[in-house]
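Trainee: Please work out how this folds:
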Amino acid sequence: MNVVGRHGWPLICLSSQHGHRGRQGAIPLKYHVDRGMDVDGRRPVADRSASRATPAEPTVRPTRRTLDGWPISIALATKALVLVIGTASFLIRSDEGIDTFRDFLGIWERWDTIVYLAIARQGYDTDETRRLLVFLPLFPWSIRLVGGIIGDYLLGALIVSSLASLAVAVLLDRLVRFDHPPELARRAVWFLFIFPTSYFLHVGYTESLFLALVLGSLLAARREYWLAAGLLGALAGLTRLNGFVLIPTLLVEALMQYRATRRWRQEYLWIGLSGLGFAGYLLVNYLAAGDPFAFREEQETYAAGWTLVLPWDSIRDLIGSIGWYGLGDAVTGRAQEFVFILLGLAGTIATWMMLRPSYGVWMLGNWLLFVSTGYILSVPRYSLVLFPL
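Mentor: Numbering: from 1, shown residues only. Below you'll find the predicted structure:
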């Protein structure tokens, strides 16, 4: 039965025979006319056939190249720049030439790289290398694996760092995309690789491997792959002591996800695997020296008397020590440490205000470690792992 509605359009009474079981309602004829339907609410036969014949337009998804090409390009470009500038600086400052590929590799065999190569070759089993227990084992083990295959440990160290730095670029890009548009993710990768101490990502140091494991762990947690997050966290704990900061970081991330869903997941318990990294390091100490805390005895030599103190005491001592040095050393050394402490503090506060609390925990935990030592040292280098910065 048709009746007239208030706008002058006839109303159509729909009964259960049209699919509305037991429900009746009046729908204006205008509703069907505007949509090209019959009075019974269906499209004409011709239109229905055309609708079935025309496939839905496929959704355009970003390709792997779109996702990964840009961050990898940034990493490779900055790597090439570091190699060129480093080689030129070596030639300018020294009287040595570069006649062979081995001479080129020798440019990068400096400082801590020498230590990691010694551990890779001999382990911690000799009297000479046992005192190197203050250096964690995963990076030297990686050098030993790759260097043993190619027959050159120094080249192996550079390969490990190079591959890890590419992973850092890709993982940071994907992690930032969880909360921000692709353009911001690209800028984040760009700023990381032009950070003043980003050259550590390209040489035989732990920064690239450690940061890749940290970012991988956080990315796995964001994707709710908690077993992978815990395992990568354990490997990070075997690479650097501050890897244990991942434990509270992952716990806060799990808490955020729980608050969003109000659903407890047993997978959160995999976070405990992150503690196995430091436990493994203690085991290495025990096997090498008979004492799981043997590394503490070596910190006097390699960590400038590393002891935990209150942050403000350490910062006060740093400020007071600036006057002990000449102008050049003060500006390039102690004053530089202080500037990066302020930069890290500002970045930590900004992270808590603008980004995820789990990232804030990572920033705060690392910053406190940097400034809570008896003698503040290498803060510009250590600040590189503060990836939200």
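Trainee: So what touches the helix or strand where M256 lies?
Mentor: Using DSSP states H and E, M256 falls within helix 246-261. The contact list for helix 246-261 (CB atoms under 8 Å, 6 or more residues apart in numbering) reads 214, 217-218, 221-222, 224, 226, 229-230, 233, 236-237, 264-265, 268, 271, 274-275, 356-359, 361-362, 365. For glycine as for every other residue, the C-beta is placed from the backbone atoms N, C-alpha and C.
Trainee: at 7 Å instead, please
Mentor: 214, 217, 221, 224, 229, 233, 236, 264, 268, 271, 274-275, 356-358, 361-362, 365 (CB atoms under 7 Å, 6 or more residues apart in numbering).
Trainee: Now intersect the residues you listed with the helices, please.
Mentor: 214, 217, 221, 229, 233, 236, 275, 357-358, 361-362, 365 (DSSP state H).
Trainee: Quick one: buried ones out of the residues you listed?
Mentor: 214, 217, 221, 229, 233, 236, 275, 358, 361-362, 365 (16 or more other CB atoms under 10 Å).
Trainee: How is this protein partitioned into domains?
Mentor: Annotated domains of the chain cover 2-44, 65-296, 307-389 [automatic domain parsing].
Trainee: Please tell me how far the closest residue to I143 other than its chain neighbours sits from S314.
Mentor: Closest residue in space to I143, ignoring its immediate chain neighbours: A120 at 4.0 Å, by CB to CB, 6 or more residues apart in numbering. Using CB to CB, to the nearest Å, we find A120 at a distance of 33 Å from S314.
Trainee: Which of those two has more residues huddled nearby?
Mentor: Counted by other CB atoms under 10 Å, A120 and S314 do not tie: A120 has more neighbours, with 25 against 19.
Trainee: what is the rounded mean pLDDT of whichever strand or helix holds that one?
Mentor: A120 belongs to helix 112-122 when elements are defined using DSSP H and E. When pLDDT is averaged along helix 112-122, the result is 94.
Trainee: Equivalent analysis for stretch 373-387, please.
Mentor: 90.
Trainee: Give me the contact list for that stretch.
Mentor: For stretch 373-387, using CB under 7 Å, 6+ apart, the contacting residues are 172, 192, 195-198, 200, 207, 210-211, 214-215, 304-307, 309, 314, 318, 336-337, 340-341, 343-344, 347, 363, 366, 370, 389.
Trainee: And that stretch, how far out from the chain middle?
Mentor: Centroid displacement of stretch 373-387 relative to its chain, using CA atoms, centre = their mean, to the nearest Å, is 17 Å.
Trainee: Can you check what pLDDT the model gives Q336?
Mentor: Value for Q336, per-residue pLDDT: 88.
Trainee: Can you tell me how far the closest residue to it other than its chain neighbours is from L343?
Mentor: Leaving out its chain neighbours, the residue that sits closest to Q336 by CB to CB, 6+ apart is P380, at 6.1 Å. To L343, P380 is 9 Å away according to CB to CB.
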